Structure formats: structure tokens, C-alpha cells
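1. What would the 3D arrangement of this be:
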Amino acid sequence: MTRREQIAALIREEMQELPVESAPAAAGQPLVLPPYGADEVIDAVDALLSTRVTMGRRCRDFEAAWATYCGRKHGVMVNSGSSAVLLMLAAAVATGRLAPGDEVLCPAVTWSTSLFPIVQCGLVPVMVDVDPATLCISPESARAARGPRTRAVLAVHLLGQAADVDAFDNLLVLEDACGAHGAAYKGRRVGSLGGAASFSFFFSHHITTIEGGMIVTDSDVLADAMRSARAHGWVREREDRAEWVSRHKEIDPRFLFVSSGYNLRPTEIAGAFGLVQARRLPAWVARRRQNHRDWCDRLRDLVDVFPEAPGTEHAGFAFPMLARGDRASLMAFLEARQIETRPISGSNLARQPAFAALGARCPVPLPVADTVHQRGFFVGNSHAFGPAHGERLASIITEWSQS
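-> Coordinates of the predicted model:
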């Protein structure tokens, strides 16, 4: 047995119970359980032992695998889902799809780094309401908010529910699928529905690279713009690299810069994790989706729930609810019984203190977002949970409602 084989055997012995595939309901309901096991760690150790740990072959292989999974031509991996949204918007500006001052429709109920990159790229966020049945962007509210400078929509597939992306004629549709891995809309996976789409592989998401993100697209031009902006603005990873080098022979091609840029690169450790995790995803999403259906059935008489919308496949990132009664009291009651809770994303971001400094527009009422802000919360969903977790959750909420 070689030393590497010995290391792998030790890792397998140490991690034989991981990832957690089945968790007892009586132990509680955390937001996340350890989602990786020996295979990920062994491949990460191999990356470390190779000493080639910055963005390289493993990241490229994961990019290709994820693009194929989403039905896209290109994948561009980055260091986080937030970076993915930023890079996607920056590339849209760099390639002329959008211009500084253009307006981007954005749902008021989303994560903060869905909203902030719009401003960071010189664009104007226009906050609109969410649909009461899905909590995704409301087509009716979006239509009412459109103005002469509206050019794009950031369609957030919230907590695993696919947004209605067919409602935005003549706009550039960019998907924020950071919490919707494996969800589908009218038979097509999210990520394949707009001009480009962003994903997050944070530790608590469907699959993880610890930190990490990805943008997928069919556009050669957008993909090359993202590859440059991801790494300093240089030309190295672009598919049209040879053309740039030919036009600028007086510059060393190793340090040839063709656009503005950031440093948003992932590591080979993240790429190694992603390749293993991607193989686990289909079975895990199927379990999450079953949980979502089962829990909606069990809880619909106790709280307001959000069943899978017709024509979609819910990815069950988390289980959102609206409390019927005092939300803080119910959340505290659940937390005391080892069921972790959180507000639904940033709730109504237009009511967050950071919003005032963004230069955003909010031209329409946000009644559903306000309801979410006041009554909304979620609990964890996981491939390791099942019907017993829904039964216990219903029992505890029933106990609270009768207290």
C-alpha cells in the first residue's frame, strides 16, 4: 500500500459516517448537516499533495460538469455565489448587454448580495414585489415598475422555487439560482433559462465546495468577459486568447490585460470538492423535493406554506413559512426544541438600513414583501431529513398554537 493509499484509508476510517445521509428527527432540525465525506477529502488532499492548488484542472473539470448538468455551454467558477452574481452583472456591462445607469428589476425578498452587485456595476436596482404563492419575483409588480431605462431582470429562484422567467419580454433575464440547484421550470433546469445564471456552493447549500460559486451561459462573449474579470482582467483563460495575443505582440501574453477585473478565483480544493459533490446532487435533490411536498401537506393547516408551483420542480433548499401569530414567539419555541430558524433571506430588503444608500428605486407597493418581513421564516430542509421531521415539526407548531 502506497503512502497515499494509507492516507486515503485513514480518512475513510475517520469519516465512515459522513456525509450524513439520515438524521433522526428526535435530534432536532439544524439548518445544515455535514454534507461531505471521505471522497471529497481524499480528492482535496490529492490536490494539496500535488502542490497545484490554485485554479487549474480540477476547477476546469467541475466547470464543464456543472455546465453540462445545467444544459449550458460554459461554466465559470468563482470563490462564492456572491462573486458569481457580481461577475455575471459585470460581464453584462463589459460586453454592452447593459450600460451604466440601466435599470435592473430585482425582487424585494432576496439575499443582500443579489441586490448589492447591481449597484456595484453602475446599474440601478428597481425593487419589486414577490408573488404570494411562490415568493419569487411577481410578474405583475415587475410590469408596473418598468420604466424607459429598464433593461434587465434578476430572476431569483428563491429557496429552491423556480421563478416565472417567461414574463419578461424584451429584457435581459439573468438568473440568481444560488439556492436552487436542480430546480426546474417547464421541464428545463434552472440555469438554462436566461442569458446567464449564478450558483452558490456555500457550506449550507445543496452541494458545497466549502466556499464557491459558478456562472453558466451559452454566450462565448459573456464567458470570455467573465474569465478575464474573474482574474485581474488578464487574457489567460479566455477562449479567444490567441486573437488578443496576436493583436498585442509587444506585450508578454502572460501579463496581457484586456479588461478591468477582480480576483475571484476558486482553488483546486474547491474544484475537487465540487466534482464529488455534483455526483451526489440528483439523489439529494429528490429527497429534499419529497420533504417539501410532505411537509406542505402536514403543515398547511398550521402555518402558511408554499407548495411547489405548477410546471416547476422545487429544489427544497429550505422550508419557508408564514407564522399565524407572533413570529418571534414561534421561532423561539422552535429553537428551544432544537429546530433552527431564520428569517426568509433579507426579508423585505427595501426596509433594510443599507437600502437607503444604494440609489435604488422602489416605484411600486410591496405588500407581499412586507408580509414576509413581518411573518416569514424558514427551517432547514436536507437530504438527510424525512417524513418524521415533518411530523415532529407539525407537532411542535401545534403545541405552540395551543399554548
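
2. C-alpha from now on. contacts and neighbour counts both.
-> OK.

3. ok, for the residue at minimal distance from the centre of the chain, nearest residue in space, not its chain neighbours?
-> For the chain, residue 178 is the residue whose C-alpha lies nearest the centre (Cα atoms, centre = their mean; 0.8 Å). In this structure, residue 178 finds its nearest non-sequential neighbour in residue 199, 3.9 Å apart by Cα to Cα, 6 or more residues apart in numbering.

4. The residue nearest to the centre of the chain reaches residue 191, doesn't it?
-> No - with contact defined as Cα atoms under 8 Å, residue 178 does not reach residue 191; the gap is 9.7 Å.

5. if we can go back for a sec, what sits against the residue nearest to the centre of the chain?
-> For residue 178, the contact set (Cα atoms under 8 Å, 6 or more residues apart in numbering) comprises 81, 157, 198, 199, 200, 201.

6. mind running it again at 7 Å?
-> By Cα atoms under 7 Å, 6 or more residues apart in numbering, the contact set of residue 178 is 81, 198, 199, 200.

7. so how many other residues sit close to the nearest residue to the first one once chain neighbours are set aside?
-> Leaving out its chain neighbours, the residue that sits closest to residue 81 by Cα to Cα, 6+ apart is residue 200, at 3.8 Å. For residue 200, the neighbour count with other Cα atoms under 10 Å is 32.

8. repeat for residue 86
-> The tally of other residues near residue 86 (other Cα under 10 Å) stands at 24.

9. thinking again about what came up before, got the contact list for the residue nearest to residue 178?
-> 81, 84, 176, 177, 178, 213, 214, 215.

10. Restricted to helices, list the contacts of residue 178.
-> Judged by DSSP state H, these include residue 81 as members of helices.

11. Give the burial count for residue 255, as a bare number.
-> The burial count for residue 255: 12, using other Cα under 10 Å.

12. who's the residue nearest to residue 178 bridged to?
-> Following DSSP bridges, residue 199 is listed with bridge partners residue 214.

13. before we move on, back to that, isn't the residue nearest to residue 81 up against residue 212?
-> Yes - judged on Cα atoms under 7 Å, residue 200 makes contact with residue 212 at a distance of 6.1 Å.

14. hey, what's in contact with both of these two?
-> By Cα under 7 Å, 6+ apart, the residues touching both residue 200 and residue 212 are 80, 81.

15. Tell me the predicted confidence for residue 356.
-> pLDDT for residue 356: 89.

16. May I ask you to confirm that it belongs to a helix?
-> Yes - per DSSP: H, G, I helix; E, B strand; the rest coil, residue 356 lies within a helix segment.

17. Now do it against residue 116, distance only.
-> 12 Å (Cα to Cα, to the nearest Å).

18. Looking at these two, which is more packed in?
-> residue 116 (19 against 11).

19. Between the contacts of residue 199, which sits nearest residue 124?
-> residue 176 (17.0 Å; Cα to Cα).

20. how about the closest one, phi and psi?
-> Phi and psi for residue 176, reported as degrees, to the nearest 10, are phi -100, psi 100.

21. got the contact list for it?
-> Residue 176 makes contact with 154, 155, 156, 157, 197, 198, 199, according to Cα under 7 Å, 6+ apart.

22. List buried residues within those residues.
-> 154, 155, 156, 157, 197, 198, 199 (16 or more other Cα atoms under 10 Å).

23. So which of these belong to strands?
-> Secondary structure assignment by DSSP state E places 154, 155, 156, 197, 198, 199 of these in strands.

24. from memory the fourth one sits against residue 216, does it?
-> I take that to be residue 197. Yes - shown here, residue 197 and residue 216 form a contact pair, counting by Cα under 7 Å, at 5.4 Å.

25. what do the two both touch?
-> Common neighbours of residue 197 and residue 216 (Cα under 7 Å, 6+ apart) are residue 191.

26. Check the secondary structure at the residue lying farthest from the centre of the chain for me.
-> Going by Cα atoms, centre = their mean, the residue of the chain most distant from its centre is residue 250, 41.8 Å out. Per three-state DSSP, the local secondary structure of residue 250 is coil.

27. Quick one: residues contacting it.
-> Contacts of residue 250 (Cα under 7 Å, 6+ apart): none.

28. picking that back up, specify which member of the contacts of residue 176 is nearest to residue 309.
-> residue 157 (11.9 Å).

29. Tell me the confidence at that closest one?
-> 98.

30. list the contacts for it?
-> With Cα under 7 Å, 6+ apart, residue 157 has these contacts: 136, 163, 176, 177, 180.

31. before we move on, what about residue 295?
-> Here residue 295 is in contact with residue 390 (Cα under 7 Å, 6+ apart).

32. hang on, it is in a helix, isn't it?
-> Yes - applying three-state DSSP, one finds residue 295 inside a helix.

33. Isn't residue 59 up against residue 265?
-> No - at 9.7 Å, residue 59 does not count as touching residue 265 under the criterion of Cα under 7 Å.

34. who's more crowded, the two?
-> A direct count of neighbours by other Cα under 10 Å for residue 59 and residue 265 places residue 59 higher, at 26 against 22.

35. Burial check on residue 237, number of neighbours?
-> Count around residue 237 with other Cα under 10 Å applied: 14.

36. which ones are touching it?
-> Neighbours of residue 237 in contact, by Cα under 7 Å, 6+ apart: residue 227.
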